[in-house]
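Participant: sequence unknown, structure follows:
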């Protein structure tokens, strides 16, 4: 598919809440997008362990059903999901106010749709959803070595407020904690 036909198809872009039946496709999308983003910079055994512990259909179903988690999927013309975001209430990190924040826990776009505006639309939907939870701020952890994501979040009003550890398999890595006022 060339870039122009992809842009034309984005007119049918829709963001919606995941439902139970989405768990298998969400698990596949989540594992694939995480792998694409980070496999080159991680030990294959650690990557495999992380994917197996974080992205199974059973785990995704539990997350979809969890009232503290909002799972948003992006589809074009009702097709398979091309992006997703998960917001998680009830957690804080270094530099995040103890009250009034919601975590943007996961935020991934299929590589074929990078640079086409999908992420911007998903971010707008995530901020709206956080507002529905009466959040005053949205925060996230992003790998300190992920310059592309850091730049994207900066464009959307996120600023560094702290650090946290994110473990991939057996490898503890440092995430920057970013915060955005809503």
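Facilitator: Arrived safely. This is a predicted model, so every value here is computed, not measured. Numbers count the residues shown, from 1 in each chain.

Participant: Okay, and the beta partners of the residue nearest the centre of the chain?
Facilitator: Nearest to the geometric centre of the chain sits residue 107, at 1.3 Å (CA atoms, centre = their mean). Beta-bridge partners of residue 107, counted by DSSP bridges, are residue 85.

Participant: Can you check the pLDDT for it?
Facilitator: You'll see residue 107 listed with a pLDDT of 98.

Participant: And the one 4 residues further on, by the same measure?
Facilitator: Looking at residue 111, its pLDDT stands at 95.

Participant: Quick check: chain neighbours aside, which residue is closest to it?
Facilitator: residue 36 (5.2 Å; CB to CB, 6 or more residues apart in numbering). Placement of C-beta: from N, CA and C, glycine included.

Participant: okay, now the one you found: neighbour count?
Facilitator: Look at residue 36: counted by other CB atoms under 10 Å, it has 13 neighbours.

Participant: Which helix or strand contains it?
Facilitator: Under the criterion of DSSP states H and E, residue 36 resides in helix 23-38.

Participant: Same question for residue 47.
Facilitator: Assigned by DSSP H and E, residue 47 falls in helix 44-54.

Participant: between whichever helix or strand comes after that helix and helix 44-54, what angle do the directions make?
Facilitator: Per DSSP H and E, the first helix or strand lying C-terminal to helix 44-54 is helix 57-65. Helix 57-65 runs at 50 degrees relative to helix 44-54, counting by axes from the mean of the first three to the mean of the last three CA atoms, to 10 degrees.

Participant: where does the helix or strand following helix 57-65 sit relative to the chain's centre, distance-wise?
Facilitator: As assigned by DSSP H and E, the chain's next helix or strand after helix 57-65 is strand 69-76. Mean-position distance between strand 69-76 and its chain equals 10 Å (CA atoms, centre = their mean, to the nearest Å).

Participant: who touches strand 69-76?
Facilitator: Taking contacts as CB atoms under 8 Å, 6 or more residues apart in numbering, the residues outside strand 69-76 that touch it are 9-10, 12-18, 22, 26, 60, 63-64, 81-89, 105, 109, 118, 121-122, 125-126, 129, 133.

Participant: try 6 Å this time
Facilitator: Contact partners of strand 69-76, identified using CB atoms under 6 Å, 6 or more residues apart in numbering, comprise 9, 12-16, 18, 63-64, 81-88, 122, 125, 129.

Participant: that older thread, quick one: mean pLDDT for the helix holding residue 47?
Facilitator: If you average the pLDDT values across helix 44-54, you get 96.
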